[in-house]
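Just the structure for this:
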Amino acid sequence: MADETVKYGIIGVGMMGREHFINLSHLRSDGAAVVAVADPHVPSQRLAKDLAESFDWPIQVFEGHREMLDSGLCDVVIVSSPNMTHYRILMDIINHPKPHHVLVEKPLCTTVADCKEVVDAARKRPDILVQVGLEYRYMPPVARLREIVKSGTLGQVKMVAIREHRFPFLVKVNNWNRFNVNTGGTLVEKCCHFFDLMRLFAGANPVRVMASGGVDVNHKDELYDGKVPDIIDNAYVIVEFENGARGMLDLCMFSEGSKNEQEISVVGDIGKGEAFVPESIVRVGSRNAGRDGVQTIIAKNEQIKYDGLHHGSSYLEHVHFLAAVRSKGEQPPAVDLQDGLVSVAIGVAAQLSIERGRMVTIEEVMDEEC
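Numbering: from 1, shown residues only. This is a model prediction of the structure:
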C-alpha cells in the first residue's frame, strides 16, 4: 500500500474540517488525497469546493455522511463535525460493511456512555483503525517536554500544572458550540486536550476530580432561540492520579493579553520541566543545580511542513496516522479510543464537580447511570 494513494473523505468541513483538508494537501507527495466531503451546510460545502479547486483536487460533495460512506470512494474518514454528532457518525462508520479507517476530532463523544459504546463497537472491527484527534501531544515544545519526562531527568513525576489563558470560543456554524448539550461542556470540548496531557505526564490513570468554574465574562449578552449560552469561561480543575501524582488545570477564556496561550509545568522529585506555546520554548532544571542551572531549549520539528492553527501538531498527527494506515495493522494509532474515553471522562467529572460542589470519582462517571 506504500505506493498507493490513500483516499480521504472529510465529514464536516467547517473550520477544523478545512484545516484537515489543508494539512492533507501538504501530504500529497506522500500519497494522501481528499476525494470527498460531506456536510449539510451549503456555505461550508462551497468553501470546501474552493479549497479543492485551489489544490487541483477533484472532490465529490455529499450532504450526508451515509451517502459518502456508501459511495465507496474513501479509505479513510475524518470526522470533524460538531461534537454532538460524533457518536452517531462513528457508529455508522464502524457498522458500515466497507471498512473505513477513522480520525475523529476531539472530543471522542460528548458523554462517557457514548464513548464506551463506540469503544465496544470498534473492538468488533479489527479491520478498522480509529485515532482520536488529541494532537496537542505533537506540539514541538510539548513533545520535547514529554521526551525529558520519559528520560527520567525529572525523576518521578509528582505534579503537572497546565495553564491555558486564551481568547473566547470562536463562532461556529449555527452557534452549536455555545451550549453544553452540544459540546459536552467546556471542560470536555476544550480541555480534553489537557487532561490527555496530564495523564501522559503523570504516567497513570485518574481517580478523582475536583473543580470550580463558571460563566463570568463571555457570552452573557448573547441569545440564541431565546437561550443564553451556558458554557463556562474559566475554571480550576484538580485531578488526582492512581500513582499519587496530581494535576491542575487553570483555564481562562477572557485573557487575550497573554504572551503564551498554554504553559505546562511538570515537577518530579528531582527536577522540573516547563513548555510554553506558542513561544515554543522548553525550560528544564534540577533541584541540585537550582535557578542558575535552568536550561532553555528552543523546540522545533523540521518535519513540519504546515503550522496551521495548532503549531504544526495537526500536520504531525496526519503523518503518524497515515503511517499507521499504511502499516496494515502493524502500527497502532498513536492516540487510541481508550485515550479518547479517559480524556472525556475527566472532563465530565470536572463538569459534574462544578455542578454538584464536590469531588467526583472517575468510577462514578464511568457508570452509565451517573
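
Quickly note the distance from the most centrally placed residue in the chain to residue 344.
Closest residue to the average C-alpha location of the chain: residue 134 at 2.9 Å, with Cα atoms, centre = their mean. Using Cβ to Cβ, to the nearest Å, residue 134 is found at 10 Å from residue 344. Heads up, the C-betas are built off the backbone N, CA and C, glycines and all.

ditto for residue 8
25 Å.

shared neighbours of residue 134 and residue 344, anything?
Common neighbours of residue 134 and residue 344 are listed as residue 192 (criterion: Cβ atoms under 8 Å, 6 or more residues apart in numbering).

how deep is residue 202 tucked in, by neighbour count?
24 (other Cβ atoms under 10 Å).

now swap in residue 168 and tell me
So residue 168, with other Cβ under 10 Å, has 14 neighbours.

Show me the helices in the stretch 101-250 of the chain, by range?
112-123, 140-151, 180-183, 186-189, 192-202 (DSSP state H, counting those that start in this stretch).

which residue sits closest to residue 174, ignoring its sequence neighbours?
For residue 174, ignoring the flanking residues on the chain, the nearest one in space by Cβ to Cβ, 6 or more residues apart in numbering is residue 41 at 7.9 Å.

Was I right to think that neighbour contacts residue 85?
No - Residue 41 lies out of contact with residue 85 (Cβ atoms under 8 Å); the separation is 11.8 Å.

what are the ranges of the strands in the stretch 201-350 of the chain?
In the stretch 201-350 of the chain, the strands defined using DSSP state E, counting those that start in this stretch lie at 206-214, 234-241, 246-252, 262-268, 271-277, 281-286, 295-298.

The first one relative to helix 192-202, how many degrees between them?
The reference is to strand 206-214. Per axes from the mean of the first three to the mean of the last three Cα atoms, to 10 degrees, the angle that strand 206-214 makes with helix 192-202 is 140 degrees.

How about the third one?
For strand 246-252 against helix 192-202, the angle between stretch directions is 150 degrees (the same axes, to 10 degrees).

In its sheet, which strands sit next to strand 246-252, and in what direction?
strand 157-165 (parallel), strand 234-241 (antiparallel) (DSSP bridges).

same deal with the shortest one?
The strands beside strand 295-298 in its sheet (DSSP bridges) come out as strand 281-286 (antiparallel).

for the longest one, same thing?
Based on DSSP bridges, the strands next to strand 206-214 in the sheet, each with its direction, are strand 234-241 (antiparallel), strand 360-361 (antiparallel).

Identify the residues contacting that strand?
So strand 206-214 is contacted by 186-187, 195, 198-199, 232-242, 247, 251, 342, 345-346, 349-351, 353-354, 358-363 (Cβ under 8 Å, 6+ apart).

tell me which residues of stretch 319-329 are tucked away?
Of the residues in stretch 319-329, 319, 320, 321, 322, 324, 325, 326 count as buried by neighbour count, 16 or more other Cβ atoms under 10 Å.
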